[in-house]
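**Student:** sequence-free structure coming up:
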């Protein structure tokens, strides 16, 4: 049983569409994983920085929900802002 030329073209088109979809999924997935990995690393560094500021510099930055959320989202820049606010006395929590 031989395949007709039309059937061969149809199989080739289906294979091409599948390959393009796989490529797009991997490309988008790679960017999403890269973004998530960056946020996780930045968050971990932020929490380590708060621990260091509390342990070695005596800033006593509390782990309240707003501080945890801002550090989890923005990481080190949030910790820097919180530390400046704490030193200037503008951070209301103690």
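**Tutor:** Here it is on my side, so go on. Predicted model only: the values in this text are computed from it and were never measured.
**Student:** C-alpha from now on. contacts and neighbour counts both.
**Tutor:** Noted.
**Student:** in the strand or helix carrying residue 78, which residues are buried?
**Tutor:** If you go by DSSP states H and E, residue 78 is part of helix 76-88. When burial is assessed from 16 or more other C-alpha atoms under 10 Å, helix 76-88 yields the following buried residues: 76, 78-79, 82-83, 86.
**Student:** now those in JSON lines, with pLDDT?
**Tutor:** As requested, these are exported to JSON lines (pLDDT from 0 to 100):
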{"residue": "76", "pLDDT": "91"}
{"residue": "78", "pLDDT": "93"}
{"residue": "79", "pLDDT": "94"}
{"residue": "82", "pLDDT": "93"}
{"residue": "83", "pLDDT": "93"}
{"residue": "86", "pLDDT": "89"}
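**Student:** count of neighbours near residue 68?
**Tutor:** Neighbour count for residue 68, taken as other C-alpha atoms under 10 Å: 17.
**Student:** and the one 4 residues further on, by the same measure?
**Tutor:** Residue 72: 21 surrounding residues under other C-alpha under 10 Å.
**Student:** enumerate every residue touching it.
**Tutor:** Counting by C-alpha atoms under 8 Å, 6 or more residues apart in numbering, residue 72 makes contact with 39-40, 42-44, 46-47.
**Student:** closest to residue 55 out of the buried residues of helix 76-88?
**Tutor:** Nearest to residue 55 out of the buried residues of helix 76-88 is residue 83 (C-alpha to C-alpha; 13.3 Å).
**Student:** what separates that closest one from residue 77, distance-wise?
**Tutor:** Going from residue 83 to residue 77 by C-alpha to C-alpha, to the nearest Å gives 10 Å.
**Student:** ok, residue 47 next?
**Tutor:** Taking C-alpha to C-alpha, one finds residue 47 at 11 Å from residue 77.
**Student:** do residue 49 as well
**Tutor:** 10 Å.
**Student:** again with residue 45
**Tutor:** For residue 45 relative to residue 77 (C-alpha to C-alpha), the value is 10 Å.
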